[in-house]
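S.K.: Fold the following and give me the result.
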Amino acid sequence: MSRRLTNKEADKSIFKPRNAPKKKTVATKTKSDSDVVAYTSRGKENYLDDGKPVIENINSPNAYAKRDGARFFVKSSSGILFDHNSLYSQDKYKKIGDESAWKWVEVSPKVFNLYTEYLATGNRVHYLIASREII
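M.R.: From the prediction side, this is the model:
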């Protein structure tokens, strides 16, 4: 008859690499309303602002939304919000002449919140609702 392993014995029997990679920790900062804050997708952020990924370089092609005080902007081309998870996500480098095809468009706070929630979570529902609200 076999006996059961204790938790301590089970932990010892499971393979654990000695130099396991540590989880990436992201610092959290708070910005005042007078600062310009640019938002990006998860994994490309410098820090989190209320759980939403923020990038410090506002002119980066990875900056998809920005807040300038009480004004809200998202990247859009021909009324379509930029979707970083789409098949055409490499279009962020697309240029028309010398200018980027993606322009900063001022939107309502509701659209901005939905879009930044999409950037933070990747939940496409937020993107679709924001796209419908922008029209």
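S.K.: what about residue 129, how many neighbours?
M.R.: Counted with other Cβ atoms under 10 Å, residues neighbouring residue 129 total 16. For the C-beta atoms, the positions are set from N, CA and C on the backbone; glycine is no exception.
S.K.: ok, now how distant is residue 42 from residue 105?
M.R.: Per Cβ to Cβ, to the nearest Å, residue 42 is found 23 Å from residue 105.
S.K.: got it, and residue 120?
M.R.: Taking Cβ to Cβ, one finds residue 120 at 20 Å from residue 105.
S.K.: Same question for residue 4.
M.R.: For residue 4 relative to residue 105 (Cβ to Cβ), the value is 63 Å.
S.K.: one step back: higher neighbour count, residue 120 and residue 105?
M.R.: residue 120 (20 against 15).
S.K.: Wait, that one touches residue 53, no?
M.R.: Yes. Using Cβ atoms under 8 Å, residue 120 is in contact with residue 53, at 6.0 Å.
S.K.: Overlap in contacts, those two.
M.R.: Residues within reach of residue 120 and of residue 53 at once, by Cβ atoms under 8 Å, 6 or more residues apart in numbering, are residue 42.
S.K.: Excluding covalently adjacent residues, which one is nearest to residue 135?
M.R.: Nearest non-adjacent residue to residue 135, counting by Cβ to Cβ, 6 or more residues apart in numbering: residue 79, 6.8 Å away.
S.K.: What is the neighbour count of the one you found?
M.R.: Neighbours of residue 79 under the rule other Cβ under 10 Å: 9.
S.K.: gap between the most centrally placed residue in the chain and residue 66?
M.R.: In the chain, the centroid-proximal residue (Cα atoms, centre = their mean) is residue 41; its distance is 2.1 Å. Residue 41 sits 14 Å away from residue 66, going by Cβ to Cβ.
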